[in-house]
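A.B. asks: my questions concern the predicted model and sequence given below.
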Amino acid sequence: MKIDQLYTKCLAEAAYYIESEGEAAIIDPLRETEPYIEMAKENNTKIKYVFETHFHADFVSGHIDLAKETGATIVYGPGAKTNYNIHEAKDGETFKIGKLTIKVLHTPGHTPESTTYLLLDENGKEHCIFTGDTLFIGDVGRPDLAVKGDLTQEDLAGLLFDSLRNKIMTLPDEVIVYPAHGAGSACGKNMSKETFSTLGEQKQSNYALQDLTKDDFIAQVTDGIAPPPQYFPKNAMMNKNGYSSVNEVLEAAKIGLDVPSFKEKMEGAIILDVRHQDEFRKGFIPNSINIPLDGSFASWVGTLIEDIHAPILIISNEDRVQEAVLRLSRVGYDNTIGYLLGGITAWTVANEQVNTMDQVSVNELEIKLNEGKSKVLDVRKPSEYEAEHVENAINFPLDYINENIEKLDKSATYFVHCKSGYRSMAASSILRKNGFNNIIDIYGGIDAILESNIKVTDYVCPSTKL
C-alpha cells in the first residue's frame, strides 16, 4: 500500500495518490495531469479511478483531463450531476484498488454532493479517510458555498452536523484524516497548518467535533464566515460543466510578443505583472496589476481579477512565464494571450512609458503623521487590523478592494501597507490603475512600524473601517 499526499502551498490544497498491486487512484487532483501520470509510470501502475470529493470552488480540478489521458473512471458521490461522463457512486459503494478497498461515505454539508472516501487496507481494516472539505484539521468546511433555492447555509450546516456524527465520528480513533486543504484556504475559517491528523486527535481538539447540540454547531459553524472570493462559483461551474484541456491552455500562452505586438494587444486586456513587488515598484507598465508569483498567486488572481474570461498579458522573467500560466489555469484563468519578450527591460529600451511607485521608510512616515495630514491605508485582513494597527489608519482589506474602491478619495495621498509588502503593492497597483495617483508604499509594512515610534493601537474605531 502506498499513499502520497501532494500538497500545493499556493492553494493550500492536498491531492492524493493511492497505489496497490499495480493499480492507482487519484483523489482531488490539481489541473495539471503530468505529476500524477509520472508517478504512475515510475511505479509501473495504471490509474484506475479519479475520485472527487465534491465540486471544488477554489480551484479547477484535473479530473477530466486525467481521465481522458489515462482511461480512468471519474467517481463522484451521490447527487453529483455533470456535463461529462462520471460514475455517480451510491452511499456505501466500494471500489477496489489492488488489495485496497475504497468505500463511499456520503457526507453532505459543505456541499450536497460532498463525499468522504474511507480506505480499507489489505486486511479490511479502516486505515484512513479522505475527507475533502467536510473535515479539516482543526475545522470543518464552510456551509455557505452551495446555497441555492430553499437550501440555506443553516440547512447545510445541519447536514454537516449529521454527516460528521453519523458517518465520520463513528470510525475508530486511529483512522488517519486526510483533508483537501490546510491553513490559508478560504474553504474554512480555523484550519491548522498541519495537513493530516488522526480522528482521535480531532475529536479532542477540533471545535466542531465537541459535544455540541445541533443548534450550537450550526451557530458556531456559520459565525464569522467571510464572503467567498468572487471566483469560487465560477470554478465550481467549470468543475461541474467541463473546461478546456490544460495542455491547450499552456500551448496558447507560449506566445512571446515584442513591444509593438504587445502594445497592439493591450486594449481590453489585463496586464499582469508577476514579478516580486520590489522589482515592480522600481518600474512597471502603466495600468498593470502586480500579483507576484512568490506568494498565494492563484488565489489572489481569483480574488482580484473579476473577469475570469478576460485576455491576460504577462510581464515576467521569461523563465517563469509557463509557471505563471499554469498557476492561472489552476483557478480557471485560461485566456493568457502572450507575454512581453525581454520583459520590462525591453519596454524601457523601446522608450515606452514606465511608472514607478513611491515608497517611504517608517521614519519618514512618522514625520508625515506628526504633521497630521497623512492617511494610512492598511490593506490587511480585519482580524490583523484589529490585533494592532496604526492609530487612525483606515482598514481597506485587499480582498474587497474592488467593492470598496469608490469609498476612497482620488485627490488624497495614501500611505499603504500590509505585513510584508506583497498585498500592499498589489493594492497600490490596482489603485494606480483606477486613477489614484498619490499612492505611497510603506517599506517594511506593519513589522517595521511596530519597531518604530509610530503610535499603534488595538482599539477599533468604527469610523476608520470601510
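C.D. replies: Received the coordinates, thanks. Just so we're clear, the structure is a prediction, and the values are computed from it rather than from any experiment.
A.B. asks: ok, residues contacting stretch 297-306?
C.D. replies: For stretch 297-306, contacts defined as CB atoms under 8 Å, 6 or more residues apart in numbering pick out 10-11, 58-59, 186, 229-232, 235, 270, 272, 274, 289, 291, 308, 312, 324, 327-328, 330-333, 398-399, 401-402, 426, 430. No exception for glycine: its C-beta is placed from N, CA and C like everyone else's.
A.B. asks: and the helices in the stretch 151-300 of the chain?
C.D. replies: 153-163, 199-205, 214-222, 232-241, 246-252, 259-265, 277-282, 297-304 (DSSP state H, counting those that start in this stretch).
A.B. asks: got TSV for these, with distance to residue 76 and mean pLDDT too?
C.D. replies: Formatted as TSV, these follow (distance: least, CB to CB, whole Å; pLDDT from 0 to 100):
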stretch	distance to residue 76	mean pLDDT
helix 153-163	16	96
helix 199-205	24	97
helix 214-222	24	96
helix 232-241	10	96
helix 246-252	20	89
helix 259-265	39	97
helix 277-282	40	97
helix 297-304	23	96
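A.B. asks: of those, which stretch is the most buried?
C.D. replies: Across those, the average number of neighbours (mean count of other CB atoms under 10 Å) peaks for helix 297-304, which reaches a mean of 24.
A.B. asks: who does whichever helix or strand comes after that helix pair up with?
C.D. replies: Per DSSP states H and E, helix 297-304 leads on to strand 312-315 as the next helix or strand towards the C-terminus. Strand pairing for strand 312-315, determined by DSSP bridges: strand 270-273 (parallel), strand 336-340 (parallel).
A.B. asks: could you dump strand 312-315 to CSV, C-alpha only?
C.D. replies: Provided in CSV are the C-alpha atoms of strand 312-315 (Å, rounded to 0.1, in the frame of the first residue of the first chain):
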residue,chain,number,x,y,z
ILE,A,312,-4.3,38.4,-20.0
LEU,A,313,-0.8,39.7,-20.9
ILE,A,314,2.0,38.6,-18.7
ILE,A,315,5.1,40.6,-17.5
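A.B. asks: got the contact list for it?
C.D. replies: 253, 257, 262, 265-266, 269-275, 284-285, 288, 305, 321, 324-325, 328, 333, 335-340, 343-344.
A.B. asks: buried residues in it?
C.D. replies: Judged by neighbour count using 16 or more other CB atoms under 10 Å, the buried positions of strand 312-315 are 312, 313, 314, 315.
A.B. asks: likewise for stretch 115-126?
C.D. replies: Going by 16+ other CB under 10 Å, stretch 115-126 has these buried residues: 115, 116, 117, 118, 119, 120, 126.
A.B. asks: over to stretch 88-95?
C.D. replies: 89, 93, 95.
A.B. asks: still on that earlier bit, now, of the contacts of strand 312-315, which are buried?
C.D. replies: 253, 257, 262, 266, 269-275, 284-285, 288, 305, 321, 324-325, 328, 333, 335-340, 343-344.
A.B. asks: does residue 65 touch residue 245 like I think?
C.D. replies: Yes - using CB atoms under 8 Å, residue 65 is in contact with residue 245, at 5.7 Å.
A.B. asks: between those two, who's got more neighbours?
C.D. replies: Taking neighbours as other CB atoms under 10 Å, residue 65 and residue 245 compare with residue 65 leading, 22 against 14.
A.B. asks: phi, psi for residue 360 please.
C.D. replies: phi -130, psi 150 (degrees, to the nearest 10).
A.B. asks: for the spatially closest residue to it that is not a sequence neighbour, give me the pLDDT.
C.D. replies: Nearest residue to residue 360, sequence neighbours excluded (CB to CB, 6 or more residues apart in numbering): residue 440, at 5.6 Å. If you check residue 440, the pLDDT there is 96.
A.B. asks: helix/strand/coil for residue 440?
C.D. replies: strand (DSSP: H, G, I helix; E, B strand; the rest coil).
A.B. asks: could you check how far it is from residue 373?
C.D. replies: For residue 440, the distance to residue 373 equals 13 Å [CB to CB, to the nearest Å].
A.B. asks: the more surrounded of these two?
C.D. replies: The residue with more neighbours, out of residue 440 and residue 373, is residue 440; 20 against 9, by other CB under 10 Å.
A.B. asks: okay but the more buried one is in contact with residue 415, surely?
C.D. replies: Yes - at 5.1 Å, residue 440 counts as touching residue 415 under the criterion of CB under 8 Å.
A.B. asks: any idea which residue sits dead centre in this protein?
C.D. replies: residue 299 (3.6 Å; CA atoms, centre = their mean).
A.B. asks: confirm that residue 41 sits in a strand.
C.D. replies: No - applying three-state DSSP, one finds residue 41 to be helix, outside a strand.
A.B. asks: residues in contact with the worst-scoring helix or strand of the chain on mean pLDDT?
C.D. replies: The weakest-scoring helix or strand in the chain, judged by mean pLDDT, DSSP states H and E, is strand 456-457 (a mean of 87). Outside of strand 456-457, the residues within contact range by CB under 8 Å, 6+ apart are 388, 389, 390, 391, 449, 450.
A.B. asks: quick one: which helix or strand includes residue 367?
C.D. replies: helix 362-371.
A.B. asks: report the backbone C-alpha coordinates of that helix in PDB.
C.D. replies: In PDB, the C-alpha atoms belonging to helix 362-371 read as follows (Å, rounded to 0.1, in the frame of the first residue of the first chain):
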ATOM      1  CA  VAL A 362       8.800  54.300   8.800                       C
ATOM      2  CA  ASN A 363      11.000  57.200   9.900                       C
ATOM      3  CA  GLU A 364       9.700  59.300   7.000                       C
ATOM      4  CA  LEU A 365       6.200  58.200   7.700                       C
ATOM      5  CA  GLU A 366       6.400  59.200  11.400                       C
ATOM      6  CA  ILE A 367       7.300  62.800  10.300                       C
ATOM      7  CA  LYS A 368       4.300  62.800   7.900                       C
ATOM      8  CA  LEU A 369       2.000  61.500  10.600                       C
ATOM      9  CA  ASN A 370       3.200  64.100  13.100                       C
ATOM     10  CA  GLU A 371       2.200  66.800  10.500                       C
END
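A.B. asks: what is the mean pLDDT for stretch 79-92?
C.D. replies: pLDDT averaged over stretch 79-92 gives 97.
A.B. asks: cool, stretch 323-331 as well?
C.D. replies: The average pLDDT within stretch 323-331 is 96.
A.B. asks: for that stretch, list the C-alpha coordinates in CSV.
C.D. replies: Extracted C-alpha coordinates of stretch 323-331, given in CSV (Å, rounded to 0.1, in the frame of the first residue of the first chain):
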residue,chain,number,x,y,z
GLU,A,323,4.7,28.7,-14.2
ALA,A,324,2.5,31.8,-14.2
VAL,A,325,0.2,30.4,-17.0
LEU,A,326,-0.1,27.0,-15.2
ARG,A,327,-1.0,28.6,-11.9
LEU,A,328,-3.5,30.9,-13.6
SER,A,329,-5.1,27.8,-15.1
ARG,A,330,-5.5,26.2,-11.7
VAL,A,331,-8.1,28.8,-10.9
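A.B. asks: nice, that's everything, thank you.
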